[in-house]
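Peer 1: curious how this folds, go ahead:
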Amino acid sequence: MSDERATRAERLLAARGFAGAEVSVEGHEHEIAAVRVPAEAWERLAEDEGALAAEVKALGFRYVALDLAPAE
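Peer 2: Modelled structure (predicted):
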C-alpha cells in the first residue's frame, strides 16, 4: 500500500531540486518519513536548515530521517 504523504514529500523534494531515480521518500510505521537522496546531495539537503523537515512533518509524519544506507 502506497502512502500518499510520501508521494507529496517527494514532490516537495523535487520542488527544491532533489529529483531523479535515486530520490525517494518512504513512510514507516505511519510516523517516519525516510528520505533517500544521493550521498553527494546530503550537504545541500542539510543546508536547508530544517525547512524541508518541517514541511514533511506538516504532511502528517512525526519524524523525518535521512536514510544513510538504503537497501538495494
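Peer 1: residues touching the helix or strand of the chain with the lowest mean pLDDT, excluding its own?
Peer 2: None of the helices or strands of the chain scores lower by mean pLDDT, DSSP states H and E than strand 24-28, at a mean of 86. Applying C-beta atoms under 8 Å, 6 or more residues apart in numbering, the set of residues contacting strand 24-28 from outside is 3, 5-7, 9-10, 13, 33-36, 56, 61, 67. From N, CA and C alone the C-beta is placed, and that goes for glycine too.
Peer 1: packing partners for the helix or strand following that strand?
Peer 2: Going down the chain from strand 24-28, the next helix or strand is strand 32-36, by DSSP states H and E. For strand 32-36, the packing partners by 3 or more C-beta pairs under 8 Å, 6 or more residues apart in numbering; DSSP states H and E come out as helix 4-15, strand 24-28, helix 51-58, strand 63-66.
Peer 1: okay, those in JSON lines with mean neighbour count next?
Peer 2: Shown next, in JSON lines, are the helices and strands packed on strand 32-36 (neighbours: other C-beta atoms under 10 Å):
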{"stretch": "helix 4-15", "mean neighbour count": "16"}
{"stretch": "strand 24-28", "mean neighbour count": "18"}
{"stretch": "helix 51-58", "mean neighbour count": "16"}
{"stretch": "strand 63-66", "mean neighbour count": "15"}
